[in-house]
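# Here is my input, please return the structure:
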Amino acid sequence: MMIPQTPTAGPALPVPFASFLRTALTATEQVPAQAVAAAPVGAPLRRTVLVQEIATRSAANAVGTAQLLSQSPDSTTIGELYAMQGAFMKQLWQIDQDWRAGLMRVYEGTVSLRKANTLSKVVEQDFNLIGQCGDLMTTYMTSVATLVENTNVGYSYWLSKKIRAAQAARAAATG
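All right, here's what the predicted structure looks like:
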């Protein structure tokens, strides 16, 4: 018995990366609007839409940054990029310090559990610690999300100004 040969696919044609990324970003930008228009946005879908918008903006920022640095990598732009990265890391460091301080408060609360001498006090302290953990996680995640959103929007604004200025300078040089 002979096994039929499976036809092999022809070689894939290379697609320029910029074209591929532009197509992917265009398709991604359409999804949130379609999703929002198709159904009332409940919490799970709203979260997905918002995360997708940040991811789309981040990808667009990456492409814009590559474009800007490939066309006009001047020392001022590089210095501003380093300054923004430093500010981001400083804020992330502060969020980390707040997280660690919160963990120490929770730890100190666990030590005080030993001092409770009735079941009702132990249960109260247990649930107080659970609440503190929840508050700590909420504060941490909210702080990180706020930092990411603000950085993303601020960077998009800065990048668009830089790209417009570079385009204006090129137009003035050629015109």
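# from here on, contacts and neighbour counts on C-alpha atoms
Will do.
# Find out how far the host helix or strand of residue 46 is from the centre of the chain, if you would.
Using DSSP states H and E, residue 46 falls within helix 43-71. Between the centre of helix 43-71 and the centre of its chain there are 8 Å (C-alpha atoms, centre = their mean, to the nearest Å).
# go on, stretch 63-75?
So, by C-alpha atoms, centre = their mean, the centroid of stretch 63-75 is 21 Å from its chain's centroid.
# which residues are contacting stretch 102-117?
122, 125-126, 129, 132-133, 136 (C-alpha atoms under 8 Å, 6 or more residues apart in numbering).
# Considering these, which is situated nearest to residue 173?
residue 136 (54.5 Å; C-alpha to C-alpha).
# okay, now the residue lying closest to the closest one once chain neighbours are set aside: neighbour count?
Once flanking residues are discounted, residue 136 sits nearest to residue 102: 6.3 Å by C-alpha to C-alpha, 6 or more residues apart in numbering. When neighbours are counted by other C-alpha atoms under 10 Å, residue 102 registers 19.
# which residues sit against stretch 143-156?
54, 57-58, 61, 88, 91-92, 95.
# mind putting those residues in a markdown table, distance to residue 69 and neighbour count included?
Output for the contacts of stretch 143-156, formatted as a markdown table (distance: C-alpha to C-alpha, whole Å; neighbours: other C-alpha atoms under 10 Å):
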| residue | distance to residue 69 | neighbour count |
| --- | --- | --- |
| 54 | 22 | 16 |
| 57 | 18 | 19 |
| 58 | 16 | 19 |
| 61 | 12 | 19 |
| 88 | 20 | 15 |
| 91 | 25 | 15 |
| 92 | 25 | 16 |
| 95 | 30 | 18 |
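# Could you take these and lay them out as a markdown table, with extra columns for distance to residue 107 and pLDDT?
Converted to a markdown table, these look like this (distance: C-alpha to C-alpha, whole Å; pLDDT from 0 to 100):
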| residue | distance to residue 107 | pLDDT |
| --- | --- | --- |
| 54 | 35 | 91 |
| 57 | 39 | 92 |
| 58 | 37 | 92 |
| 61 | 41 | 93 |
| 88 | 29 | 96 |
| 91 | 24 | 97 |
| 92 | 22 | 96 |
| 95 | 18 | 96 |
